[in-house]
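Novice: I need the structure of the sequence given here:
(one chain, ligands or ions: 1)
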Amino acid sequence: MSDILDRLAETLEARKQASPDSSYVAKLYAKGTDAILKKIGEEATETVMAAKDGQAEKIIYEVADLWFHTCVLLAHKGLKPADVLNELARREGLSGLVEKANRNE
Ligand SMILES: N=c1c2ncn([C@@H]3O[C@H](COP(=O)(O)OP(=O)(O)OP(=O)(O)O)[C@@H](O)[C@H]3O)c2ncn1[C@@H]1O[C@H](COP(=O)(O)O)[C@@H](O)[C@H]1O
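Specialist: Presented below is the predicted three-dimensional model:
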């Protein structure tokens with residue numbers, strides 16, 4: 001399942017050498033972190049609106065936009081989707097309620 005994320009991460013890395021005129025990702029990199037964060041905010045809002053509407057196709061489309069832009073942020077910061085997947089794997093089986101209780105100890 002993470003093959004597509006690995007391939008996307010490779011493309012996002014390669015786009016660091018691309019021209020903003022020929023690549024949407026290179027254009028975002030050139031605009032800088034704030035522009036990437038703005039897109040993430042927009043896509044998160046669009047995801048919320050799609051979920052409120054309740055149409056499965058629209059939710060999938062908007063979550064894909066959101067995931068894509070978070071992957072752009074990760075690449076811009078020198079990180080990879082695999083880093084996030086590893087963190088999720090580390091959390092696997094640890095109840096959020098238990099983790100929260102441990103935090104307050
Ligand atoms: N997965 C995506 C992907 N998902 C969404 N998008 C773009 O993200 C933007 C989403 O923003 P909006 O919906 O707000 O549309 P918009 O109004 O055109 O965006 P803005 O002008 O406001 O930034 C659109 O331009 C989409 O085309 C993506 N652009 C690229 N990719 C992947 O990234 C690769 C590299 O892309 P380039 O760098 O453009 O070659 C591609 O081959 C794809 O694999």
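Novice: Can you report how many residues lie near residue 68?
Specialist: 16 (other C-beta atoms under 10 Å). Every residue, glycine included, has its C-beta placed from N, CA and C.
Novice: That one is in what secondary structure piece?
Specialist: Using DSSP states H and E, residue 68 falls within helix 56-76.
Novice: ok, residue 13 touching residue 75?
Specialist: Yes. Residue 13 is within contact range of residue 75, at 6.1 Å (criterion: C-beta atoms under 8 Å).
Novice: neighbour-wise, which of these two wins?
Specialist: Neighbour comparison, residue 13 and residue 75: the larger count goes to residue 75, with 24 against 13 (by other C-beta under 10 Å).
Novice: what residues are up against that one?
Specialist: 9, 12, 13, 15, 16 (C-beta atoms under 8 Å, 6 or more residues apart in numbering).
Novice: Help me confirm that the fourth one comes into contact with residue 30.
Specialist: Read it as residue 15. No. The pair residue 15 / residue 30 is not scored as a contact, 10.4 Å apart, by C-beta under 8 Å.
Novice: Thank you kindly, that will do.
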